[in-house]
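# for reference, the sequence and a predicted model appear below.
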Amino acid sequence: MSSTPFALAAAPSRRRDALQFYGAWLAVIAVMLILPRAFSSGGALTTFSLMGISVIFALSYNILLGQTGMLSFGHAVYYGLGGFLAVHAMNAIGAAKWPVPLPVVPLIGGLAGLVFALILGWVSTRRSGTAFAMISLGVAELVASSALILRSFFGGEAGVTANRTKLFKLFGLSFGPQIQIYYLVAAWTLIALIAMYALTRTPFGRMCNAVRDNPERVQFVGYDPHIVRYIAFAFAGLFAGIAGALSAINFEIANSAYLGTQQSGVALFAAYIGGIGVFIGPVIGAILVTYLSLVLSDLSSVWQLYFGLIFIAVVAFAPGGIAGLLLRHRPLLRAGQMWPVLRAYVVAAPPTAVMLAGLVLGIEIVVRHTVGTSDDPVMHLFGYSLDTGSPLSWAIAALLTLVGFTLARLTWKHVARAFDDAMTVARAKGYLA
Amino acid sequence: MTPSAPPAIALDDVRKSFGRLEIIRGLNLSVAAGERHAIIGPNGAGKSTTFNLISGYMAPTSGEVRLDGQVISGLPPFQINRRGLSRSFQVTNVFAHMSVWENVRCALLWTTGHRYAFWKNVDRLPDVRERTAMILEDIGLAARAEVPAGLLTYAEQRALEIGITTAGGAKVILLDEPTAGMSHAETERAVALIRRLTEGRTLLIVEHDMSVVFGLADRISVLVYGQIIASGTPDQIRNDARVQEAYLGVEAA
């Protein structure tokens, strides 16, 4: 949403902006309410719950990376500590029969994330760039290794379990069924979304952007970039803690994997693939990454390899992520120049699909043949049976990849030309963004 | 102005070394409040280093810098800025991914008292909105408010640089070669802008364009090899034999 500087001149567009703005939030709420009715299976509800948690976590990460320009490799520390505190809180509340209902527990996780971010962040936020990234990695290793040493708190390799149904029941809600957990996660996701969006619209949020763009100049307009980074770090810790607590409630367990670098990587992946430059980016990324990790892990034993390829492709071809890619089309859409570009996309799609199919086939053949995950050398793919031992299969994969790549290159050049032409027209009409 | 009032800026035997190399070698300078003061000197004389020492970008090796009589040497830049001193940069130094509007607004959030506030809507601060609009009007970028600063033309970026520097309402303004690289017409507009925006404030300016210096400054100091060799009115400087030898003579040749 662009800011409208001149109150009088922009009155009508301001009303339209407001309508769009509140419309978008109502749509989010509507989707949250419709989803469990449209897909009511336990598996679907779990998937949606995980998506909500992932959205909060990725957005909290983007307070650092996208908003303030801080690349952290250890954001899961605050997610994990939030999770562990939530589990211990659930056990304590259940044992002592305190009148604290489950929906409050994520707040305890959030406070844990906040407090630990305030303690661990003071030194690391003095620096930005590489130094900050390295310190974040060091802190992450430190906390992850202490998780295995301090068994009484972290429960060693097994982790700590809890029973979410043993808490004080408000309105008779037991939080046993997944549907109740879904609504709990959805409500917290909505709260976190609104809070983190509002944060970007405050004086502090704007100064985060300024620190990201030019930490040196910030000092000459009266601000201490260290304090700006420190507050941003604290907020990121708070929301990561909420996400971790929700995860602990969902699984009724917290273990050392919550704190690990792989969990930190999930936030980085989701935020980056979705797009760190736009608020909605990490939301898209988190939903997609959660979905893909569930679907791909069913389809392929090397799903993480595909994840890596997707990540590389985004970094190389769409550094603005999915949201950035979509936003680049906005001036074309406004100027009515979408058609020629869409046509070019349609032309480029089949050869690209052929290339990807060849690539996937090749990877799967190699995996079957060399790793030998199953003793059956015959692979069933897209309804066909292929013998991974036969040279014919290898040839087909190579052919598809090569032919697809050659044709795709040509068609994508055409796409680039069509895009540039359309953009020139859009610019001439005064649509810059 | 009472005669006993301390100078807006005072440098007292300031020295700055980088390793064994002494760049600023016992610099003494006094700029009265409300004065437009220019520093001139050949390349490598230490003009930008002097600005860096005054604005807190660097700490002097020895000596003292005072702002309105209070010692500021050794303080970080943001504390010096909060005491009422603001500077621009020779190389344009803006917030490239943010709009022109956001750039100017960020420059006045501290002095309007909003600081690190994370509980206020930044778009609903009438004082901030009015001042931002006024400054954009002043620097002639009102029509470019929504454009990312990184996409501005060079002259526009220089104007924005001056806007950011003066937006916070600092009493003392330091401008580092504000017209460098500008055409004649652009320079004239920039000088008029500087004159208008620094009205009633203290201005210290580093500038290579002599027409700008002699047209704008009430007093001029000549910096050569890290020392002020002369300080006076434009007429005094023009007729100073040492200055002619060290600096203006070279220019004229």
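Perfect, I can see it now.

# can you list the residues of the stretch 101-250 of chain A near chain B?
A:198-199, A:201-207, A:209-210, A:212-214, A:216-224, A:227-228, A:231, A:235 (Cβ under 8 Å from any Cβ of the partner chain). (Each C-beta comes from the backbone N, C-alpha and C, glycine too.)

# filter these down to the ones in helices?
A:198-199, A:203-207, A:209-210, A:212-213, A:216-219, A:227-228, A:231, A:235 (DSSP state H).

# whether stretch A:59-77 contacts chain B - can you check?
No - judged by Cβ under 8 Å from any Cβ, stretch A:59-77 makes no contact with chain B; its nearest approach is 9.7 Å.

# check the offset of that stretch from the chain's centre.
Centroid separation for stretch A:59-77 versus its chain: 11 Å, with Cα atoms, centre = their mean, to the nearest Å.

# what comes up buried for that stretch?
Under the neighbour-count criterion of 16 or more other Cβ atoms under 10 Å in any protein chain shown, stretch A:59-77 has A:59-70, A:72-77 buried.

# roughly how far does residue A:176 sit from chain B?
37 Å (Cβ to the nearest Cβ, to the nearest Å).

# show me the contacts for the closest residue to that residue other than its chain neighbours.
Spatial nearest neighbour of residue A:176, excluding adjacent residues (Cβ to Cβ, 6 or more residues apart in numbering or on different chains): residue A:165 at 4.7 Å. Counting by Cβ atoms under 8 Å, 6 or more residues apart in numbering or on different chains, residue A:165 touches A:174, A:175, A:176.

# quick one: residue B:93 is in a strand?
No - counting by DSSP: H, G, I helix; E, B strand; the rest coil, residue B:93 is not found in a strand; it is coil.

# can you map out the strands along the stretch 1-150 of chain B?
Ranges of strands within the stretch 1-150 of chain B are B:9-18, B:21-31, B:36-40, B:62-67, B:70-71, B:85-87, based on DSSP state E, counting those that start in this stretch.

# tell me which other helices or strands the helix or strand harbouring residue A:35 touches.
Assigned by DSSP states H and E, residue A:35 falls within helix A:11-38. Contacts defined by 3 or more Cβ pairs under 8 Å, 6 or more residues apart in numbering or on different chains; DSSP states H and E place helix A:11-38 against helix A:42-62, helix A:178-200.

# switch to 7 Å and redo it
With contacts defined as 3 or more Cβ pairs under 7 Å, 6 or more residues apart in numbering or on different chains; DSSP states H and E, helix A:11-38 has these neighbours: helix A:178-200.

# pull the helix it packs on out as PDB, backbone CA atoms only.
Provided in PDB are the C-alpha atoms of helix A:178-200 (Å, rounded to 0.1, in the frame of the first residue of the first chain):
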ATOM      1  CA  GLN A 178      -7.200 -30.900  15.700                       C
ATOM      2  CA  ILE A 179     -10.000 -28.500  14.600                       C
ATOM      3  CA  GLN A 180      -9.700 -26.600  17.900                       C
ATOM      4  CA  ILE A 181      -6.000 -26.400  17.400                       C
ATOM      5  CA  TYR A 182      -6.600 -25.100  13.900                       C
ATOM      6  CA  TYR A 183      -8.700 -22.300  15.200                       C
ATOM      7  CA  LEU A 184      -6.200 -21.500  18.000                       C
ATOM      8  CA  VAL A 185      -3.400 -21.300  15.400                       C
ATOM      9  CA  ALA A 186      -5.600 -19.300  13.000                       C
ATOM     10  CA  ALA A 187      -6.500 -16.700  15.700                       C
ATOM     11  CA  TRP A 188      -2.900 -16.300  16.700                       C
ATOM     12  CA  THR A 189      -1.800 -16.100  13.000                       C
ATOM     13  CA  LEU A 190      -4.300 -13.300  12.500                       C
ATOM     14  CA  ILE A 191      -3.200 -11.400  15.600                       C
ATOM     15  CA  ALA A 192       0.500 -11.800  14.600                       C
ATOM     16  CA  LEU A 193      -0.200 -10.800  11.000                       C
ATOM     17  CA  ILE A 194      -2.000  -7.600  12.100                       C
ATOM     18  CA  ALA A 195       0.600  -6.700  14.700                       C
ATOM     19  CA  MET A 196       3.600  -7.300  12.400                       C
ATOM     20  CA  TYR A 197       1.900  -5.400   9.600                       C
ATOM     21  CA  ALA A 198       1.100  -2.500  11.900                       C
ATOM     22  CA  LEU A 199       4.700  -2.500  13.100                       C
ATOM     23  CA  THR A 200       5.900  -1.700   9.500                       C
END
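
# what about residue 177, neighbour count?
No chain was given, so I picked chain A. Other residues lying near residue A:177 total 12 when counted by other Cβ atoms under 10 Å in any protein chain shown.

# could you do chain B instead?
By other Cβ under 10 Å, the residues close to residue B:177 number 21.

# just the CA trace of stretch B:104-111, in CSV.
The C-alpha coordinates for stretch B:104-111 follow below in CSV (Å, rounded to 0.1, in the frame of the first residue of the first chain):
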residue,chain,number,x,y,z
VAL,B,104,12.5,13.3,4.1
ARG,B,105,10.1,11.9,6.7
CYS,B,106,12.8,9.7,8.2
ALA,B,107,15.0,12.8,8.5
LEU,B,108,12.5,14.6,10.8
LEU,B,109,11.0,11.7,12.9
TRP,B,110,13.6,12.2,15.7
THR,B,111,13.3,15.9,16.1
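
# what's in contact with that stretch?
Around stretch B:104-111, the neighbours that count as contacts under Cβ atoms under 7 Å, 6 or more residues apart in numbering or on different chains are A:203, A:206-207, A:210, A:221-223, B:82, B:95, B:128, B:131-132, B:135-136, B:163-164, B:167-169.

# dihedrals phi and psi, the closest residue to chain A within the stretch 1-150 of chain B?
Nearest residue of the stretch 1-150 of chain B to chain A, counting by Cβ to the nearest Cβ: residue B:110, 3.2 Å away. Phi and psi for residue B:110, reported as degrees, to the nearest 10, are phi -70, psi -50.

# next, count neighbours for it.
Burial of residue B:110 is recorded as 20 neighbouring residues (other Cβ under 10 Å).

# so which bits of the stretch 1-150 of chain B are right by chain A?
Applying Cβ under 7 Å from any Cβ of the partner chain, we find that the stretch 1-150 of chain B lies next to chain A at B:55, B:76-78, B:81-82, B:86-87, B:93, B:95-98, B:101-102, B:105-107, B:109-111, B:114-123, B:132-133, B:145-146.
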